[in-house]
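Requesting a structural model of the entry that follows:
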Amino acid sequence: MTVGVRGEHVHSPERRVPPPAPRKAARTLSAAGELLRALAAPVRIAIVLQLREADRCVHELVEALGVAQPLISQHLRVLKAAGVVHGERHGREVVYRLVDEHLSHIVVDAVTHVEEGPRGINQTDRTPRTEEM
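Below you'll find the predicted structure:
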């Protein structure tokens, strides 16, 4: 990239400059950030993956994840407040389910990305960039 006389950016003639993506409202971006923060804890990711397979009550999540019941309940409260899960009482138990399949896609895509290997964020065998040599 070079800079023009008045400070404008001048792109290479070989590169077609794409139009900008449509702007989203600040309120929408803020809500999306809150949702991603709610999904950010490893235990909450594991809960979403479990609920993707089937609706579950707290004791089933405790058994499946090997995490203490109070911790599962705490994470479920966060997910419920963020609108990720919904609980429905069945007798003495509350059965949790995902509110929306979009949410499980976010989590599954993130997990798949990491599991892909060197391109993922847990890259260990990294080739040094030119600037680092």
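
hmm, which helix or strand of the protein has the shakiest average pLDDT?
Within the chain, no helix or strand scores below strand 2-3, which has a mean of 49 by mean pLDDT, DSSP states H and E.

Quick one: the strands in the chain, in order.
For the chain, strands defined by DSSP state E occupy the ranges 2-3, 9-10, 56-57, 85-90, 93-98.

Could you tell me the least trusted of these?
Lowest mean pLDDT within the strands of the chain: strand 2-3, at a mean of 49.

What residues of stretch 70-88 count as buried?
By neighbour count on 16 or more other Cβ atoms under 10 Å, the buried set for stretch 70-88 is Ile72, His75, Leu76, Val78, Leu79, Lys80, Ala82, Val84, Val85, His86, Gly87. For every residue, glycine as well, the C-beta is placed using N, CA and C.

Show me where this protein has its helices.
Counting by DSSP state H, the chain has these helices, from start to end: 26-38, 42-53, 58-65, 69-81, 101-115.
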